[in-house]
Every structure is written in structure tokens, then in C-alpha cells.
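> following is a predicted model, sequence given first.
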Amino acid sequence: MAVTNTTTYTDLIANGGAVAEVLSGLVVEQLYDPTDLRALCTRVPFNAMGSDTVQIVQDATPGAFGASVAENTTVAATEYVTAHFDIQVARYSRAYAMADLIPVSGGPIDLQRIVRNLSEGVGLTFTDIICDVFPSFTAQAGTAGVNLSVDDVYDAIFTLTSALNAGPYTMVIHPTQYNDWISSLRSETGAAQFSPATAEMLGSKGPGYRGSWLNLDVYVSDSVDNNGAGSLQGAMFGQGAIAYTMAPVAQMAGAIPSANILVNAGDLLVEIDRTASDGVSAAYAHMYMGVSLAEQGRGCEILSDQ
């Protein structure tokens with residue numbers, strides 16, 4: 001005789017006899033862009049001299065000697081002309097708060113994982129700020145509202161070469177710009193072939209590096225700005241175009257109780273804040289950094305449709 005009065009799994013859930021889901025202890029990363037562009041910029045040491053701004057002197061350019069055609073001719077002194085650029089540091093912070101119930105209930109997210117996430121955010125912050133500098137280049141290649149093409153990239157190379165930049169150059173573009181450029185590159189033949197990044201290249205140049213073309217290193221980042229009018233603002237630049245500095249936040253450690261410090265990495269400080277009345281622990285990360293355009297002639301904005 002068939003059993004008709006069965007207890008189903010749904011019945012157990014409704015009556016507290018079973019749980020609908022079990023949270024796995026395995027944690028995998030979500031898809032995101034980990035590109036860190038710091039290696040493409042010049043780091044300037046920060047010297048605490050009572051100011052939040054560092055002024056960097058640019059030396060005078062060498063000049064050719066003049067010929068003296070007569071004996072006993074006095075040589076007139078040439079003016080030694082220097083320039084400078086400034087980098088101003090500002091505080092960049094991020095915090096995560098976690099209620100006590102999360103670890104009590106067996107959640108796989110803990111304070112250690114949160115701290116690691118904060119540390120990995122340093123490179124992402126730099127990439128955002130570095131990409132914000134690209135629209136400051138006065139030289140431009142590409143056209144607003146038009147897909148990026150091989151000709152546009154050639155124009156940027158020609159611009160840097162005409163400005164006396166020595167290669168290799170670096171191009172940082174948005175994923176959409178990269179797709180448009182690769183699509184245009186499909187019709188190219190001859191010696192100018194794209195060389196995709198190998199595992200060894202990714203190990204040395206970091207995530208975001210896609211390969212080289214005509215001695216041009218190509219990086220892709222979703223931090224590339226949109227000008228608000230439907231155009232993306234990537235850039236091509238030579239060494240020394242962009243500079244950054246970081247104030248040693250670790251010097252603040254003496255004013256912070258040592259028990260509160262979770263990470264003291266020199267440029268990054270992570271500390272814990274406990275609110276006992278709410279049953280909440282929070283991790284606060286702070287760094288003081290600044291990015292600046294070092295020299296106009298060393299870069300070129302790459303403008304194209306989004």
C-alpha cells in the first residue's frame with residue numbers, strides 16, 4: 001500500500017526541520033579589474049617639510065656650444081632655465097564594518113579577509129587617480145564620438161615622436177577602446193603585428209597588460225574616464241609623463257595605540273575600531289598620496305567613442 005501522508009523537504013523548511021541553504025566556507029573573487037598603473041609613473045620621495053605639497057625641479061635642457069671664431073673673446077653666460085611641477089597629497093580612506101553575528105553564525109568573511117581587501121584597494125585607487133590625469137594632456141589623437149582605429153594610435157605615436165620622446169611608449173585605454181582598436185587591427189598586414197601578453201609578461205608587467213605593438217606597451221583599464229559627452233579618454237605617454245608621491249602614514253603610528261593597528265605597511269595604515277555598544281568591529285584604511293602631470297610634451301590623450 002502506498003504511503004500518502006509523506007513529509008516533504010519543503011515541509012521541513014517551513015517547520016524549521018531543515019535549512020534551505022548552507023553557506024559554503026569557500027570564497028571566490030568576483031570579476032573586477034585589478035590593473036595597477038603605478039609602475040608606469042615616476043615615484044617622487046615625499047619629504048615632510050611643513051607642507052602637503054612637494055615641488056619637483058625640472059633641470060634645464062642641455063644646449064649646443066657656440067663656436068668662438070676669434071681669440072681672446074669673452075664667452076657670455078647663458079641663462080640656466082629650470083621649470084617645476086607640484087604634487088599635493090590628500091587623504092584617501094576606506095572602511096568596512098562587520099557585526100559580531102557574522103563570525104558567530106559561521107560566515108566565511110572575517111576581519112582578516114576584509115583587511116586583505118582594503119590592502120588590494122591601494123592599487124585600484126592609484127589607477128583611478130592616474131587615469132584622471134589623462135584629460136590634462138593638451139595633445140590629442142582620435143576623434144570624439146568615433147571608434148578608435150589603428151590610424152588614431154599611429155597619430156598618437158607620431159605626436160610623441162615629434163615631441164622628441166624616446167620609446168618605448170605606453171598606451172592605456174578603456175576596454176571598449178581596446179575592442180575597437182583590435183577590430184581595426186584585424187585588417188592590418190605586414191610587419192606591424194600585435195604580440196599578445198604571455199604569462200611571463202603578465203608576471204612582470206602586472207594585470208591589465210594586453211601585449212605590445214610597434215614597441216608600444218598596451219594596457220586596458222576600466223578606470224579610463226568618460227568625458228560625459230559620450231567619449232572615452234585614454235592616453236599614450238612616455239616615461240616621466242606622470243609622477244606620484246605617497247606620504248609615510250606610518251609616521252602616525254606613534255599617535256595610535258599599537259593594539260589598534262592591524263597593518264602598518266609604511267604607505268598604508270589599517271586600524272581597527274570597536275563599538276562595543278553596537279557589537280560592531282570596523283577596519284579603517286588610510287593613505288596619503290598625490291598624482292600630477294609632470295610634463296605636457298610626454299603624453300597624448302586618446303579620444304574615441306564609448
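Received, thanks. Predicted model only: the values in this text are computed from it and were never measured.
> residues contacting Arg43?
Residues in contact with Arg43, defined by CB atoms under 8 Å, 6 or more residues apart in numbering, are Ala243, Tyr244, Thr245, Met246. For the C-beta atoms, the positions are set from N, CA and C on the backbone; glycine is no exception.
> and it, bridged to which residues?
Tyr244 (DSSP bridges).
> distance of it relative to Pro168?
19 Å (CB to CB, to the nearest Å).
> and what of Ile130?
18 Å.
> can you check Phe65 too?
In terms of CB to CB, Phe65 sits 31 Å off from Pro168.
> let me see the contact set for Asn260.
Glu271, Ile272, Asp273.
> one more time with 7 Å
Contacts for Asn260 (CB atoms under 7 Å, 6 or more residues apart in numbering) come out as Glu271, Ile272.
> with Leu232 instead?
His174, Thr176, Gln177, Val224, Asn226, Ser304, Gln306.
> and the strands in the stretch 51-200 of the chain?
53-58, 83-88, 90-99, 140-142, 169-173, 195-196 (DSSP state E, counting those that start in this stretch).
> make CSV from those strands and add mean pLDDT and distance to Gly25 to it.
Converted to CSV, those look like this (pLDDT from 0 to 100; distance: least, CB to CB, whole Å):
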stretch, mean pLDDT, distance to Gly25
strand 53-58, 93, 46
strand 83-88, 94, 44
strand 90-99, 93, 17
strand 140-142, 96, 48
strand 169-173, 96, 38
strand 195-196, 70, 37
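> can you tell which of those is closest to Leu262?
strand 90-99 (11.6 Å; CB to CB).
> same for that closest one, what does it pack against?
Using 3 or more CB pairs under 7 Å, 6 or more residues apart in numbering; DSSP states H and E, the elements in contact with strand 90-99 are helix 111-133, strand 280-293.
> give me the buried positions along it.
Using 16 or more other CB atoms under 10 Å as the test for burial, strand 90-99 gives Tyr92, Arg94, Tyr96, Met98.
> contacts for that strand, please.
Counting by CB under 7 Å, 6+ apart, 111, 114, 118, 121, 125, 279-290 sit against strand 90-99.
> how about 10 Å then?
Residues outside strand 90-99 that contact it (CB atoms under 10 Å, 6 or more residues apart in numbering): 52, 105, 107, 109-111, 113-115, 117-118, 121-122, 124-126, 128-129, 247, 249, 268-271, 273, 275, 278-291.
> if any of these are buried, give me the PyMOL selection for them.
The PyMOL command for the buried members of the contacts of strand 90-99 (criterion: 16+ other CB under 10 Å) is given here:
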select buried, resi 111+114+115+118+122+124+125+126+128+129+247+249+268+269+270+271+281+282+283+284+285+286+287+288+289+290+291
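> so what's Ser292 closest to, chain neighbours aside?
Ile87 (4.3 Å; CB to CB, 6 or more residues apart in numbering).
> same question for Asp110.
In space, and not counting its chain neighbours, Asp110 is closest to Pro103: 5.8 Å by CB to CB, 6+ apart.
> from Val263, how far off is that neighbour?
With CB to CB as the criterion, Pro103 and Val263 are 19 Å apart.
> low pLDDT regions in this structure?
1-8, 188-193, 196-204, 252-254 (pLDDT under 70).
> who are the contact partners of the residue positioned nearest the centre of it?
Closest residue to the average C-alpha location of the chain: Thr127 at 1.4 Å, with CA atoms, centre = their mean. By CB under 10 Å, 6+ apart, the contact set of Thr127 is 33-38, 40, 172, 208, 219, 221-224.
> among those residues, name the buried ones.
Thr35, Asp36, Leu37, Arg38, Leu40, Val172, Gly208, Tyr219, Ser221, Ser223, Val224.
> correct me, but Gln88 touches Ala243?
No - judged on CB atoms under 10 Å, Gln88 makes no contact with Ala243 at a distance of 11.9 Å.
> more neighbours, these two?
Ala243 (21 against 13; other CB atoms under 10 Å).
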